[in-house]
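**Q** Okay, predicted coordinates and the sequence, questions at the end:
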Amino acid sequence: MKELLEYMVKELVDSPESVEITEEEEDDKTVIFKLKVAESDLGKVIGKKGRTANALRVVMRAASAKRGKSSIVKIMD
């Protein structure tokens with residue numbers, strides 16, 4: 001699942017080499033993805049009124065539900 005998020009984010013940003021994703025297991029069924037991008041790309045990942053960020057979260061939630069888990073995507077400053 002981390003690879004899916006990484007692929008989507010790298011296609012959105014201008015500097016894909018600065019994309020960093022860390023994966024943490026909160027409990028047996030919850031995975032937290034912490035996403036860091038270059039400061040200049042932060043707006044592209046968030047989008048107008050947070051629509052791009054919400055779309056990323058929806059896709060990740062659907063992909064993790066298929067595996068019987070839930071996921072949280074946090075965009076770090």
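**A** Here it is on my side, so go on.
**Q** Pull the number of nearby residues for D27.
**A** If you count neighbours by other CB atoms under 10 Å, D27 ends up with 8. For glycine as for every other residue, the C-beta is placed from the backbone atoms N, C-alpha and C.
**Q** who's in contact with it?
**A** With contacts taken as CB atoms under 8 Å, 6 or more residues apart in numbering, D27 has no neighbouring residues.
**Q** Could you check how far it is from A38?
**A** Counting by CB to CB, to the nearest Å, the gap from D27 to A38 is 32 Å.
**Q** helices or strands next to the helix or strand hosting L35 in the packing?
**A** Using DSSP states H and E, the secondary-structure element containing L35 is strand 30-36. Based on contacts counted as 3 or more CB pairs under 8 Å, 6 or more residues apart in numbering; DSSP states H and E, the elements that strand 30-36 packs against are helix 2-12, strand 20-27, strand 70-75.
**Q** And it, what's buried?
**A** Within strand 30-36, the residues that qualify as buried by neighbour count (16 or more other CB atoms under 10 Å) are V31, F33, L35, K36.
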